[in-house]
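Asks: Dropping the sequence and predicted coords here.
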Amino acid sequence: METLAIFGVHVLEVMFAVGLVGSVIVVLVTSVEDVQELFGPDEPAEHKPGER
Amino acid sequence: MNQPSTNPGSDNSNMSSNDQPLQPVTPASGVNNRVKIVVATTVMLTFISYWRAAAIVLNDLASSAFYAGGIAEKAVGKSAPWFIVGVMLFSFAVRAVYVESCSMFVRGGVYRVVKEALGGTFAKLSVSALMFDYILTGPISGVSAGQYIAGLVNSLFVTMDLHGWIPKAMHSIFHGTPQLDVGVTSVAVALAVTVYFWWENIKGIHESSEKALRVMQITTVMVVILLGWSALTIFQHGYNPVPLPTPDNLKFSETALGFLKGSKLPHMFGLFGILIAFGHSVLAMSGEESLAQVNREIAHPKLKNLKRAALIIAIYSLVFTGLASLLSVMLIPDDVRVSVYGDNLIAGLAMNMVGPEVLRLAFRAFVVIVGFLILSGAVNTAIIGSNGVLNRVSEDGVLTDWFRHPHKRFGTSHRVVNLVVGLQILTILLSRGDVYALGEAYAFGVIWSFTFNSLAMLVLRFKYKGKRGWKVPLNLPLGGKELPLGLASVFLVLLSVASINLFTKSVATISGLIFAAVFFVIFSVSERINHRRMAVAKAEMKDHFQLMQQESVDRNSMEIRPGNVLVTARDYNTLRHLRWALERTDTDDQDVVVMSARLSQFGDAVYDLQLADVFSDYEQRLFTQAVAVAEGFGKHISLLVVPAGDVWAAIAQTANQLESSRVVAGLSSKMTAEEQAFFLGRAWEALPEPKRQFVFQVVNPDMSTVSYHIGPHTPTMKTEDMQATHRLWLHITREPGMQGLHHHDILTEALRRFGRDFSGEDRALILRELQQLVDDDTKRTLVPGAGLERMSEMTSIKSGTNQPPE
């Protein structure tokens, strides 16, 4: 039982560590895009019903 | 529902042109003797800027700053703020998942996404987890608001006592300085706020993004003061270092290990301990789901604005929640931080700034006011959100129509609201004002709804073939396909945290599983009952009606002539105004369109209105009754269903698109005819050009009517002016060659000459004479009821009573 628990813990640790590394890359890549989104120009305005 | 390609998933799909042909849903045979119901599938929304969208989400997300830090520190010790910061940084990645889902489905919330990817069973499970999240959002926010209020009052009592301002008699009553029981006060505040918003939701008062924006503006003022003052305090007095988030610095409380209490596991593996601590901090990012719900309302360019809103939300939360948690450990002494300020950490920060006590107390009071506003807002968001989710599954046939039964007076889904608020009140009472216990349980719903969502998105990367506006980055091309490594990474973190929380949060696991299981059973049983009923209803509906799906309302494809009469219908019991309209309309010359607007706020169900949704019992009754009324008159009517974010905007837009000459409505149970006209007029003003004027008629229960012109219109002429025009016409037509002159030619010439005189030397004289007329009018309107005329000037003009204005 203890062996199984330890195995489960290892699996969770690997999932968490691998996931964190990947998520950090996702955040870094999106942050470059975010800067462009936030400070980049808008597309030409389009007339939209009800828009305010 | 299972065909993504039919959904308005792209950015601009809800704005596509009106010339899309109608799509009959039923076979063409046997169609002729059935009444057409046109279902517009695009919600008529008033679109909001990304700032407003961010404000709505932050009202939920940023509210967790008031309690997340305290809960995390109680669980994992003094290094908790680093985990909060870590969670807030990770929320940037979770946000990316939601942006991708919203770029695929206009409402990319958990139910829709999971149903598309994993089917109905998983969708019901994920909604059960989401409901657990929503049900607990209200109590934790309300109780936290109560903690801040009780803390402030008790602090004031202590200060007053130190100055000798508390009478001795009070001392003897309270056996010392008077103090409120924090638990009881928190429960009382939470109950009061919940009951208040219960009534608001029963009444169906529309919550505007304006309010959310104001709350966030006030909150931002507080955050700026908090950060600036904290910086000054650190500069003058220094700070306590926050222990780094290493395994050695983790000090788990007894309750923080849940089922692992007594086990060596959390201490055996360093990373495992960090995972546990991360799991205890995850509630700091609760509220991301609101992003998916508000998406539909975001203005063009939708995807860009969604990303901007999401970025603002993530940065704001990181700064507010993350920094507030860090500063609390840096500035509040260890001996009082958890014991005194554990449940009102930001108030503790205010009291430990540099400066005179009175200023610190004043700032604390400001913190409490802001906290009360944002936390109360979160209570309301929780009720609206859970009401929306239950309505959503109800419209999908998962819950029976019994839940959606409209309130007799207000037309709201009162049974769903009662159920949600009932569960919230029960939770508040059971919690006895313990924010920590509520927070522990709350994390269950938060993490599992995120996990289901990210899993579904991962599956959809391989399953979904429709349009996708944006993807979570880190996609590895492999043999003509892509491996979504970024999405898989986010899913792995969420799944590992959700899994470990099952073991470390025993209260959350037990209560969450019971709750989710009960809801899942209710959904499953209800769906079965509903399927049987729906089959009968569908058959009846198909016998009587022909459903036509149309992206947006279009007069030509509906075969409606210009100048038609638009009749609004909500309740099948109150169709007097339809009778009134039919009595006075010759349908050979003028079409009558009966319009049912399905009102929704953000998070409400109709965002994904599908054709099958109108087959519900309620709509069938409404349309059957409307047709019965028309048949009673032997007249033809057209039926139209319009999903709407704002009912007035929907009526104004529909009347404009159908080129209606009149809009007929019954008297509202919530407002006067004047108010109805005012709101419709305001919605008309917000319409883009080109727009047409029309007459709005409100039919009272006694069948008397009040009529209003909506938009610029022919001014009401006085009898003497009409006679003067006529006299002039008589004189002039006697002149040779003037026989073809019309009355309006005289007015045209008179206005031309008036314009010339006004821009010439007679300007001052004309103004004096006009002033005299204004003064005379003012004297006339200083009588009861005159205010109506003035209000109407802004957007609509009352033109008469009891008679149609034609």
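Replies: Sure thing, it's come through. Numbering: from 1, shown residues only, chains lettered A, B, ... in the order given.
Asks: Get me the contact residues on the stretch 151-300 of chain B for chain A.
Replies: Residues of the stretch 151-300 of chain B lying near chain A by CB under 8 Å from any CB of the partner chain: B:265, B:268, B:269, B:271, B:272, B:274, B:275, B:278, B:299, B:300. For the C-beta atoms, the positions are set from N, CA and C on the backbone; glycine is no exception.
Asks: Nearest to chain B within chain A, name that residue for me.
Replies: Minimum separation of chain A from chain B (CB to the nearest CB) falls at residue A:22, amounting to 2.3 Å.
Asks: Could you report the separation of that residue from residue B:485?
Replies: Distance, residue A:22 to residue B:485, by CB to CB, to the nearest Å: 6 Å.
Asks: and for the two, which residues touch both?
Replies: residue B:474 (CB atoms under 8 Å, 6 or more residues apart in numbering or on different chains).
Asks: On the three-state scheme, the closest residue to residue B:487 other than its chain neighbours is what?
Replies: The shortest distance from residue B:487 to any non-neighbouring residue, by CB to CB, 6 or more residues apart in numbering or on different chains, is to residue B:472 (4.6 Å). Put simply, residue B:472 is coil when judged by DSSP: H, G, I helix; E, B strand; the rest coil.
Asks: pretty sure residue B:472 is touching residue A:25, no?
Replies: No: using CB atoms under 8 Å, residue B:472 and residue A:25 do not qualify as a contacting pair, with a distance of 10.7 Å.
Asks: Specify which residue of these two has the higher count of neighbours.
Replies: Using other CB atoms under 10 Å in any protein chain shown as the criterion, residue B:472 and residue A:25 rank with residue B:472 on top: 29 against 16.
Asks: what's the nearest residue to residue B:225 if we skip its chain neighbours?
Replies: residue B:363 (6.7 Å).
Asks: can you count the residues close to that neighbour?
Replies: Counted with other CB under 10 Å, residue B:363 comes out at 20.
Asks: what sits against it?
Replies: Residue B:363 touches B:225, B:229, B:350, B:353, counting by CB under 8 Å, 6+ apart.
Asks: Quick check: the residue nearest to residue B:487 vs residue B:92, distance?
Replies: Residue B:472 is 11 Å from residue B:92, by CB to CB.
Asks: where exactly do the strands run in chain B?
Replies: B:23-24, B:35-40, B:475-478, B:481-484, B:545-550, B:565-568, B:592-599, B:638-644, B:662-666, B:694-699, B:705-710, B:796-801 (DSSP state E).
Asks: Can you report how many residues lie near the closest residue to chain A within the stretch 451-600 of chain B?
Replies: Residue of the stretch 451-600 of chain B nearest chain A, by CB to the nearest CB: residue B:489 (2.3 Å). Residues lying near residue B:489 (other CB under 10 Å) number 24.
Asks: residue ranges with poor pLDDT in chain A?
Replies: By pLDDT under 70, the low-scoring segments of chain A are A:40-52.
Asks: Please repeat the previous calculation with a cut-off of 90.
Replies: Along chain A, the parts satisfying pLDDT under 90 run over A:1-9, A:32-52.
Asks: Please, where are all the helices along it?
Replies: For chain A, the helices defined by DSSP state H occupy A:2-39.
Asks: do the same with the stretch 201-350 of chain B
Replies: B:209-237, B:265-268, B:270-281, B:289-294, B:302-317, B:323-331, B:334-337, B:345-351 (DSSP state H, counting those that start in this stretch).
Asks: now the third one against helix A:2-39, angle please.
Replies: When you say that, I think you mean helix B:270-281. 60 degrees (axes from the mean of the first three to the mean of the last three CA atoms, to 10 degrees).
Asks: Next, the angle helix B:323-331 makes with helix B:270-281.
Replies: Between helix B:270-281 and helix B:323-331, the angle comes out at 110 degrees (the same axes, to 10 degrees).
Asks: For helix B:270-281, report the contacting residues that lie outside it.
Replies: In this structure, residues lying in contact with helix B:270-281 by CB under 8 Å, 6+ apart are A:9, A:12-13, A:16-17, B:68, B:71-72, B:75-76, B:79-80, B:83-84, B:86-87, B:245-247, B:250, B:252, B:256-257, B:260, B:265-267, B:440, B:443, B:447, B:496-497, B:500-501, B:504-505.
Asks: Need the buried ones from those selected in PyMOL.
Replies: The buried residues among those can be selected in PyMOL (16 or more other CB atoms under 10 Å in any protein chain shown) with this line:
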select buried, (chain A and resi 9+12+13+16+17) or (chain B and resi 68+71+72+75+76+79+80+83+84+86+87+245+250+252+256+257+260+265+266+440+443+447+496+497+500+501+504+505)
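Asks: Quick check: residues of the stretch 651-800 of chain B near chain A?
Replies: So far as CB under 8 Å from any CB goes, the stretch 651-800 of chain B lies against chain A at B:653, B:686, B:687, B:688.
Asks: Count the neighbours of the second one for me.
Replies: In this case it means residue B:686. Residue B:686: 19 neighbours (other CB under 10 Å).
Asks: can I assume it is in contact with residue B:650?
Replies: No: counting by CB under 8 Å, residue B:686 does not reach residue B:650; the two are 12.0 Å apart.
Asks: if we can go back for a sec, residues shared between the contacts of residue B:472 and residue A:25?
Replies: residue B:486.
Asks: Where among the helices of the stretch 201-350 of chain B is average confidence lowest?
Replies: Comparing mean pLDDT across the helices of the stretch 201-350 of chain B, the lowest value falls on helix B:265-268: a mean of 68.
Asks: re earlier: ok, now which ones touch the closest residue in space to the residue of chain A closest to chain B that isn't next to it in sequence?
Replies: Of all residues not flanking residue A:22 in the chain, residue B:489 sits nearest, at 2.3 Å (CB to CB, 6+ apart). Counting by CB under 8 Å, 6+ apart, residue B:489 makes contact with A:18, A:19, A:20, A:21, A:22, A:23, A:25, A:26, B:93, B:474.
Asks: Now do the same contact list for the closest residue to the first one other than its chain neighbours.
Replies: Spatial nearest neighbour of residue A:18, excluding adjacent residues (CB to CB, 6+ apart): residue B:492 at 5.9 Å. With contact taken as CB under 8 Å, 6+ apart, residue B:492 is in contact with A:15, A:16, A:18, A:19, A:22.
Asks: From residue B:458, how far off is residue B:492?
Replies: Residue B:492 sits 10 Å away from residue B:458, going by CB to CB.
Asks: Same question for residue B:227.
Replies: Counting by CB to CB, the separation of residue B:227 from residue B:458 is 38 Å.
Asks: same deal with residue B:650?
Replies: Applying CB to CB, the value for residue B:650 to residue B:458 is 37 Å.
Asks: can you check residue A:35 too?
Replies: For residue A:35 relative to residue B:458 (CB to CB), the value is 27 Å.
Asks: Neighbour count: these two, which is higher?
Replies: Per other CB under 10 Å, whichever of residue A:35 and residue B:458 has more neighbours is residue B:458, with 19 against 11.
Asks: dump the residue contacts of the more buried one.
Replies: Residue B:458 sits next to B:484, B:487, B:488, B:491 when contact means CB under 8 Å, 6+ apart.
Asks: Now the third one. Nearest residue, chain neighbours left out?
Replies: Okay, so that is residue B:488. residue B:458 (6.1 Å).
Asks: Residue B:575 too?
Replies: Here the residue nearest residue B:575, using CB to CB, 6+ apart, is residue B:629, at 5.4 Å.
Asks: okay, residue A:22 and residue B:485: which has more neighbours?
Replies: Neighbour tally, residue A:22 and residue B:485, criterion other CB under 10 Å: the higher count belongs to residue A:22, 22 against 16.
Asks: residues touching that one, list them.
Replies: Here residue A:22 is in contact with B:474, B:485, B:486, B:488, B:489, B:490, B:492 (criterion: CB under 8 Å, 6+ apart).
Asks: So the first one versus residue B:320, what's the distance?
Replies: If I follow you right, that is residue B:474. When distance is defined by CB to CB, residue B:474 is 28 Å away from residue B:320.
Asks: Okay then, goodbye and thanks.
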